[in-house]
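J.: Okay, here's the prediction I keep looking at, along with the sequence it came from:
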Amino acid sequence: MSVTDIAAADLADAVRTVRETEPLVQHVTNTVTINDVANLTLHWGGLPVMADSFGDAGEMTAAARALVINIGQVPDDRVEAMHEAGRKANDRGVPVVLDPVGLGSTPSREAVTESLLEAVDFAAIKGNYGEISALAGVEANVEGVESIGDYEAIEATAQSVADSTGTVVVASGVEDIVADADGAVRLSAGHEMLGEVVGTGCMLAATVGTFAGALEDPREAAVHGTLAFGIAGERAAAMDYAGPGSYRTNFQDAVYGVTGDDLESADLADRIEPAL
């Protein structure tokens, strides 16, 4: 089945599968968003663990259903833990999601990302438009960890990264792009307030990892996870909020409330379109 043919029932089944599977998701991530990442994994129905020290990271990965590596902070000991966990995941057939946070902003993050791509096979890579463009080697404007500027060719850029790395790529922005070597789709879901909350990119990577821990196909995990994430963002905006702080709480509650049954009648006709 083509991802452009996904029906509401498919999305509903994916969400229910995640909740029924309760995948243990191991994260080697940054401390800025670690609590939000753990909570979002839990609210989708997964079991989060944040083992980021050498030895423990690999041991925990051996018991996990998915691994998410986030380079938001790159001290040497955490990079060693990333490599150890990535190797262990590959050895055990555990899907690995890479979030190259801030790639394009410093040579250090570029070096860490390159080393991981050389050593670890990834099921998916999730980055914002700037990070994915930097990964492709095309012009990107990343300030700190934020993507700045226009990326008119992001669909082709995401597909080129997918082709060169053999992964599924999620490029997050105003509209999210999910690409593999065969093509790309554009997902229309979400709300502008997601951009006002620090860490929603990290939370999206955690979502893709959680879905990958329960679904066999990484592309379907990326599409379903990203779409469900965006729908939760819309539902959060429909609740009362005074600003980013209360919206952030709404978003966590909205994710918790996406059970699958509530998506059976969702209209996805205009939400998934071929991008290339």
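T.: Yes, it's here.
J.: check contacts around residue 266.
T.: For residue 266, the contact set (Cβ atoms under 8 Å, 6 or more residues apart in numbering) comprises 8, 11-12, 231. Where you see a C-beta, it was placed from the backbone N, CA and C, and this is true even at glycine.
J.: Looks like residue 15 contacts residue 259 (just checking).
T.: Yes. Between residue 15 and residue 259 there is a contact under Cβ atoms under 8 Å: 6.8 Å.
J.: okay, those two: which has more neighbours?
T.: Legend: neighbour count by other Cβ atoms under 10 Å for residue 15 and residue 259, higher for residue 15 (25 against 12).
J.: Can you tell me, leaving aside adjacent residues, what's nearest to the residue nearest the centre of the chain?
T.: For the chain, the residue nearest the mean C-alpha position is residue 205 (2.1 Å; Cα atoms, centre = their mean). Once flanking residues are discounted, residue 205 sits nearest to residue 99: 3.8 Å by Cβ to Cβ, 6 or more residues apart in numbering.
J.: Give me the phi and psi angles of the one you found.
T.: Per-residue torsions, residue 99: phi -120, psi 100 (degrees, to the nearest 10).
J.: host element of residue 249?
T.: Assigned by DSSP states H and E, residue 249 belongs to helix 244-257.
J.: downstream neighbour of that helix in the secondary structure list?
T.: Heading C-terminal from helix 244-257 (DSSP H and E), you reach strand 272-274.
J.: on that earlier part again, in the helix holding residue 249, what's buried?
T.: Neighbour-count burial for helix 244-257 flags 247-248, 250-252, 254-255 (criterion: 16 or more other Cβ atoms under 10 Å).
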